[in-house]
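In: Curious how this folds, go ahead:
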Amino acid sequence: MAGIIKSGDPAGRTLGASSAAFNFSDLRDQAGNYLQTVQEKAQKIVADAQAQGAEIQRNAAISGKAAAEKAAKKLAQDSAAAQVREQLQTLLPALNKLMSEVDQARLDWRGRWQENVVDLAVAIAERVIRRELAAQPQITLDLVQEALELASGVGKVRIRLHPQDHQALGAEVQSLAAAFQKISSAEVVADPKIERGGCVLQTDFGEIDQQIPTQLARLKQELVD
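Out: Predicted structure coming up:
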């Protein structure tokens, strides 16, 4: 048959060898290209992995640094707080003691201030009373009358006066006592121990001290209370 090359034909053998050689060369090129492509992809994968690894390391370093800074800051804060608590535990008793001392000092000062004010008031009152006594001897009679009213109905009484008051007011005091002691007797005597302007009334049950210092002491006690 025309156009058919038989296998036994030399030309056919030549064509088959040439075709086989061509196919091998082409396959080798394809394999080389594929290998190169694979190598490039592998290199890219390695490069990407290295880049990702570096990024991860950088992020880890940043995160680690931030975490370390945060931990260090917290540790410092905890340490500072612990030191403050420790110092407070040490200072609190001293502060409480100081506050107690301040309160006590304030109370002491207030007490001294009140006492000084009372002493001043009593001193002023004493000066006024003594000046009035010198000008108005009748005040002594008022003190005697007050004492007699307090001792009314107790029986016999003795009224002790300063000698000058006894000399000046003895008769009036006797009359005043007689008016209150209608049944029992009343004795009026001079006693240098008695303060000028005052008197002491004695009974069988005790005495009533109407001297100026005693009156002022009572006034001071009332002001303090």
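In: Show me how the record splits this structure into domains.
Out: Taking automatic domain parsing as the criterion, the chain consists of the domains 59-135, 137-224.
In: among the ones you listed, which is the most enclosed?
Out: Of all those, domain 137-224 carries the top mean neighbour count, a mean of 16, counting by mean count of other C-beta atoms under 10 Å. (Each C-beta comes from the backbone N, C-alpha and C, glycine too.)
In: Need the pLDDT of residue 163.
Out: Residue-level confidence at residue 163 comes out at 93, pLDDT.
In: can you check the one 10 residues further on too?
Out: The predicted structure scores residue 173 at 87 on the pLDDT scale.
In: got a list of what it touches?
Out: Neighbouring residues of residue 173 by C-beta atoms under 8 Å, 6 or more residues apart in numbering: 141, 144, 159, 161, 166, 188, 199.
In: so residue 187 is in which element?
Out: strand 186-190 (DSSP states H and E).
In: May I have that strand as PDB, with CA atoms only?
Out: Coordinates of each C-alpha in strand 186-190 appear next as PDB, following Å, rounded to 0.1, in the frame of the first residue of the first chain:
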ATOM      1  CA  ALA A 186     -29.300  84.200 169.800                       C
ATOM      2  CA  GLU A 187     -25.800  85.200 170.800                       C
ATOM      3  CA  VAL A 188     -23.800  87.600 168.700                       C
ATOM      4  CA  VAL A 189     -20.000  87.500 169.300                       C
ATOM      5  CA  ALA A 190     -16.900  89.100 167.800                       C
END
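In: Poorly predicted segments of the protein, please.
Out: Applying pLDDT under 70 to the chain flags the ranges 1-39, 41-43, 45-61, 63-65, 67-69, 71-72, 75-76, 80, 181-184.
In: quick one, strands of this structure?
Out: 157-161, 186-190, 199-203, 206-209 (DSSP state E).
In: right, so of the ones you listed, which gets closest to residue 111?
Out: Among those, the nearest to residue 111 by C-beta to C-beta is strand 206-209 (27.4 Å).
In: so what strands line up beside the closest one?
Out: The strands beside strand 206-209 in its sheet (DSSP bridges) come out as strand 199-203 (antiparallel).
In: what does the partner strand contact?
Out: Contact with strand 199-203 is made by 140, 143-144, 147-148, 150-151, 154-161, 165, 173, 191, 194, 207-211, as judged by C-beta under 8 Å, 6+ apart.
In: before we move on, the earlier item: give me the angle between the strand holding residue 187 and strand 157-161.
Out: Interaxial angle of strand 186-190 relative to strand 157-161 (axes from the mean of the first three to the mean of the last three C-alpha atoms, to 10 degrees): 20 degrees.
In: Mind giving me the packing neighbours of strand 186-190?
Out: The contact analysis (3 or more C-beta pairs under 8 Å, 6 or more residues apart in numbering; DSSP states H and E) places strand 186-190 against strand 157-161, helix 163-180.
In: Name the surrounding residues that touch it.
Out: With contact meaning C-beta under 8 Å, 6+ apart, strand 186-190 is reached by 148, 156-163, 166-167, 170, 173-174, 177-178, 180.
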